[in-house]
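> With the input below, show me the fold.
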Amino acid sequence: MESNLTKEREQLKAEKTALVVIDLQNGIVHGQRAPYTGEEVVRSASKLVDAFTEKGAFVVFVKVSTVDGKDMLKPATDINVSQPQFPQGWDRIVPELADTPQAHLVTKRQWGAFFGTDLDLQLRRRGVDTIVLCGISTSVGVDTTAREAYQHGYHQVFVEDAMTASTKEEHDYVCKYIFPKIGKIRTSEEVVAALK
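Numbering: from 1, shown residues only. Coordinates of the predicted model:
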């Protein structure tokens, strides 16, 4: 695949590009985040969603959810992770994005959005070769999805100001050492300007 985002003249072709928004849902957005707050990320993501929708590009919302807790991963780890509580509505896409027309919803049971979902299938059926990634958390859901997308052969653009992590250090590490090896890092303004 030849990338449709070139350095000489940054351009993203709407018909070949999808916006994939990771875990901007009620139970995740409102936690402690850095370097951007969840609200700041939602605002930046909303601008992207509006631009992609206006150009007729494919928009995908990814959420993590569970039926009964038994469908989620529970590996033995060095850090003791408590079993999360799932209050009513925790897995709903935030209201600012929920009513986006023709957006595709992917429900995952783990960090990455490709494994066990129809994301790759829906992207390929639409001829998408480039994905623009944003959401929460930079170092968990976004990073895992990015690595999966890389292994599937997609070109990627990471929207630095439309993602955030639990700590600034986690966010900065992924943006400095991981994302530049598997895609391009841009701001939301740069992505909107490049979308044709």
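> Which element, helix or strand, includes V157?
Using DSSP states H and E, V157 sits in strand 155-164.
> That strand: partners in the sheet, and parallel or antiparallel?
Using DSSP bridges, the strands paired with strand 155-164 in its sheet are strand 130-136 (parallel), strand 184-186 (parallel).
> List the buried residues for the last one?
Buried positions in strand 184-186, judged by neighbour count with 16 or more other Cβ atoms under 10 Å: K184, R186. Using the backbone N, CA and C atoms, a C-beta is placed for each residue, glycine as well.
> Buried deepest among the strands paired with strand 155-164, which one?
With neighbours defined as mean count of other Cβ atoms under 10 Å, those peak in mean count at strand 130-136, which reaches a mean of 26.
> can you give me how far that strand is from the chain middle?
4 Å (Cα atoms, centre = their mean, to the nearest Å).
> need the next SSE after it, C-terminal direction.
Using DSSP H and E, the helix or strand that follows strand 130-136 in sequence is helix 143-151.
> Please name the nearest non-neighbouring residue to L105.
Excluding its sequence neighbours, the residue lying closest to L105 (Cβ to Cβ, 6 or more residues apart in numbering) is F61, at 5.3 Å.
> surely the one you found meets L97?
Yes: using Cβ atoms under 8 Å, F61 is in contact with L97, at 6.6 Å.
> joint contacts of the two?
With contacts defined as Cβ atoms under 8 Å, 6 or more residues apart in numbering, the residues shared by F61 and L97 are V21, L24, A103.
> Quick check: the residue of the chain most remote from its centre vs D143, distance?
Distance from the C-alpha centroid of the chain, by Cα atoms, centre = their mean, peaks at D78 (27.0 Å). According to Cβ to Cβ, to the nearest Å, D78 and D143 sit 19 Å apart.
> ok so V60 is a strand residue?
Yes: the assignment for V60, made by DSSP: H, G, I helix; E, B strand; the rest coil, places it in a strand.
> Could you count how many residues lie near it?
22 (other Cβ atoms under 10 Å).
> out of the strands paired with strand 155-164, which comes closest to A57?
The minimum distance between A57 and the strands paired with strand 155-164 falls on strand 130-136, with 8.7 Å, by Cβ to Cβ.
> and that closest one, C-alpha only, in PDB?
These are the backbone C-alpha positions of strand 130-136, laid out as PDB (Å, rounded to 0.1, in the frame of the first residue of the first chain):
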ATOM      1  CA  THR A 130      -5.300   4.700   6.300                       C
ATOM      2  CA  ILE A 131      -6.600   5.100   9.800                       C
ATOM      3  CA  VAL A 132      -6.600   8.200  12.000                       C
ATOM      4  CA  LEU A 133      -6.500   7.200  15.700                       C
ATOM      5  CA  CYS A 134      -7.500   9.100  18.800                       C
ATOM      6  CA  GLY A 135      -9.000   8.400  22.200                       C
ATOM      7  CA  ILE A 136      -8.200   7.200  25.600                       C
END
